[in-house]
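**Student:** the amino acid sequence is not available; the structure is as follows:
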């Protein structure tokens, strides 16, 4: 049987406190790393989808993923994201910086989005998935 998708992530749903703030943040970030808008609240890279739903704080009692790492196609993309994050006064956890203890060439920036979710944009030329 031939399926339209390979095994992997189908979608990621984010529960957010402010839908307008979150989608504005991602509308600026995602084009830098090769993602595009599917509609007002959903984005894709052509293989995976991320969408956002505003939820009342009293319903946000579950723990989410530790972080999501988005693949960058070059170090320059990581630097561009880092510069944009500094301009947005985003909480940058680390980077842009090399992380050679992960593997040669690993270059990353880790940060928090407006909801406090930890995200990473990394160029990983030696990674084997």
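**Tutor:** Done, it's in. Being a predicted model, the structure only gives us computed values, none of them experimental.

**Student:** now do residue 82 against residue 51, distance only.
**Tutor:** Note on residue 82: its distance to residue 51, by CB to CB, to the nearest Å, is 26 Å. Every C-beta, even on glycine, is put in place using the N, C-alpha and C of the backbone.

**Student:** looking at these two, which is more packed in?
**Tutor:** residue 82 (19 against 16; other CB atoms under 10 Å).

**Student:** in contact with the more buried one, which residues?
**Tutor:** 92, 95-96, 109 (CB atoms under 8 Å, 6 or more residues apart in numbering).

**Student:** tell me the first helix or strand C-terminal of the one helix or strand it maps to.
**Tutor:** Taking DSSP states H and E as the criterion, residue 82 maps to helix 75-87. Downstream of helix 75-87, the next assigned helix or strand under DSSP H and E is strand 92-98.

**Student:** show me the contact partners of that next one.
**Tutor:** Here strand 92-98 makes contact (CB under 8 Å, 6+ apart) with 75, 78-79, 81-82, 85-86, 105-112, 118.

**Student:** okay, now the sheet partners of it, with direction.
**Tutor:** Sheet pairing of strand 92-98 (DSSP bridges) gives strand 107-112 (antiparallel).

**Student:** what lies in contact with the partner strand?
**Tutor:** 67, 69, 72, 75, 78, 81-82, 85, 90-99, 118-124.

**Student:** distance from the chain centre to it, please.
**Tutor:** 10 Å (CA atoms, centre = their mean, to the nearest Å).

**Student:** list the buried ones in it?
**Tutor:** Using 16 or more other CB atoms under 10 Å as the burial criterion, the residues of strand 107-112 that qualify are 107-111.

**Student:** who does residue 119 bridge with?
**Tutor:** Per DSSP bridges, residues listed as beta-bridge partners of residue 119: residue 68, residue 111.

**Student:** residues contacting residue 50?
**Tutor:** Contacts of residue 50 by CB under 8 Å, 6+ apart are 11-14, 26, 35, 42-44.
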